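**Student:** A structural model of the following input is requested.
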Amino acid sequence: MKTKNLFLIISFLQFAATGMQAQRIKGSDTVLPIAQQTAEHFMTLVPGARITVTGGGTGVGISALLDETTDIAMASRAIKFSEKMKAKAAGEELEEIPIAYDALAVVVHPSNPVKQLTRRQLEDIFRGKITNWKQVGGDDRKIVVYSRETSSGTYEFFKESVLKNKNYMSSSLSMPATGAIIQSVSQTRGAIGYVGLAYVSPRIKTLSVSYDGRHFATPTLENAVNKSYPIVRPLFYYYNKKNAEKIAPLLQFMLSPAGQGIIKKSGYIPVK
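**Tutor:** Sure thing, here's the model as predicted:
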């Protein structure tokens, strides 16, 4: 309790030194739940703190950071070279802080009898080479592929890790947010998509995945931590170095035992 009180006093004094400026966080829908929860908890600890958190995708968040319409960009992928160059051209220096890890679950309709897929099978499905579930041991039913839109960090990570940077099939259905993928997959018997582990619900069914074709693992927090589940990625906060003092207390809380505890309870993997 004494440690918690000391942290509260330090955070309050640091935040007060910034003139109680409002802070804005924008970007990845994957990071959104933990950003909201940690921000809400921080505001209960620090009187006068005002923090707004909105989604829209990693690309949207980083663009907003470069345009100075947000203070922190939430990202489910590392910053792109083109984004770094844009910041450099503007004379800005961006800082990257890993805040958590997330497992990406491959999901299908609950009635789908398929239980597991290899990375190669997933690649062939999302690239349009496998088009019917009977080709992977399922029913004779057309596969309907749901994906995130191109501004999403989740879209980028899935393309890099699962498709090995090959292009998605042109007929895949792009969804604006994770919630839209869950709704679509839950209502479409032949559907397949991917969502962050924290978004998994009884409305959809998760598949076990193997990258070596032999060892399959289900997307769970335990399997992500012990690295038996292969589709795991870091999540980041990005900010402009010139605003470091302004956002330092919030970042310190996010990386503190209390903040990392919130992250773990939310179904994400702590970095500490």
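**Student:** which element is residue 117 on?
**Tutor:** In this structure, residue 117 is located in strand 116-118 according to DSSP states H and E.
**Student:** other SSEs contacting that strand?
**Tutor:** For strand 116-118, the packing partners by 3 or more CB pairs under 8 Å, 6 or more residues apart in numbering; DSSP states H and E come out as strand 208-210. Glycine gets a C-beta too; all of them are placed from N, C-alpha and C.
**Student:** which residues sit against the strand it packs on?
**Tutor:** 106, 115-119, 122, 216-219, 229-231 (CB atoms under 8 Å, 6 or more residues apart in numbering).
**Student:** again with stretch 129-136
**Tutor:** Outside stretch 129-136, the residues touching it (CB under 8 Å, 6+ apart) are 112, 114, 117, 121, 123-125, 139-143, 190.
**Student:** Quick one: end-to-end distance for that stretch.
**Tutor:** One end of stretch 129-136 sits 12 Å from the other (CA to CA, to the nearest Å).
**Student:** and the closest residue to residue 97 other than its chain neighbours, what are its bridge partners?
**Tutor:** Using CB to CB, 6 or more residues apart in numbering and skipping residues adjacent in sequence, the residue nearest residue 97 is residue 237, 4.7 Å away. In this structure, residue 237 bridges to residue 74, residue 97 when assessed by DSSP bridges.
**Student:** Quick check: residue 237 touching residue 254?
**Tutor:** Yes: Residue 237 is within contact range of residue 254, at 7.2 Å (criterion: CB atoms under 8 Å).
**Student:** helix/strand/coil for the residue nearest to residue 175 when sequence neighbours are not counted?
**Tutor:** With sequence-adjacent residues excluded and distances taken as CB to CB, 6+ apart, residue 175 is closest to residue 181, at 4.7 Å. Secondary structure, DSSP: H, G, I helix; E, B strand; the rest coil: residue 181 is helix.
**Student:** Residue 252 too?
**Tutor:** Following three-state DSSP, the label given to residue 252 is helix.
**Student:** neighbours of the residue nearest to residue 97, just the number please.
**Tutor:** 26 (other CB atoms under 10 Å).
**Student:** Check it and give its pLDDT.
**Tutor:** Note for residue 237: predicted pLDDT of 98.
**Student:** Could you find the closest non-adjacent residue to residue 39?
**Tutor:** residue 51 (4.3 Å).
**Student:** Just the closest of the contacts of strand 208-210 to residue 58, please.
**Tutor:** The closest of these to residue 58 turns out to be residue 231 (CB to CB; 16.7 Å).
**Student:** Skipping adjacent residues, who's closest to the closest one in space?
**Tutor:** residue 104 is the one closest to residue 231 (CB to CB, 6+ apart), at 4.4 Å.
**Student:** that older thread, filter the contacts of strand 208-210 to the buried ones?
**Tutor:** With burial judged by 16 or more other CB atoms under 10 Å, the buried subset of the contacts of strand 208-210 is 106, 117-119, 122, 216-219, 229-231.
**Student:** JSON lines for the residues you listed, including distance to residue 202, secondary structure and pLDDT?
**Tutor:** Output for these, formatted as JSON lines (distance: CB to CB, whole Å; DSSP: H, G, I helix; E, B strand; the rest coil; pLDDT from 0 to 100):
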{"residue": "106", "distance to residue 202": "16", "secondary structure": "strand", "pLDDT": "98"}
{"residue": "117", "distance to residue 202": "21", "secondary structure": "strand", "pLDDT": "98"}
{"residue": "118", "distance to residue 202": "26", "secondary structure": "strand", "pLDDT": "98"}
{"residue": "119", "distance to residue 202": "26", "secondary structure": "helix", "pLDDT": "98"}
{"residue": "122", "distance to residue 202": "23", "secondary structure": "helix", "pLDDT": "98"}
{"residue": "216", "distance to residue 202": "21", "secondary structure": "coil", "pLDDT": "98"}
{"residue": "217", "distance to residue 202": "20", "secondary structure": "strand", "pLDDT": "98"}
{"residue": "218", "distance to residue 202": "15", "secondary structure": "coil", "pLDDT": "97"}
{"residue": "219", "distance to residue 202": "15", "secondary structure": "coil", "pLDDT": "96"}
{"residue": "229", "distance to residue 202": "20", "secondary structure": "coil", "pLDDT": "97"}
{"residue": "230", "distance to residue 202": "24", "secondary structure": "coil", "pLDDT": "96"}
{"residue": "231", "distance to residue 202": "21", "secondary structure": "coil", "pLDDT": "97"}
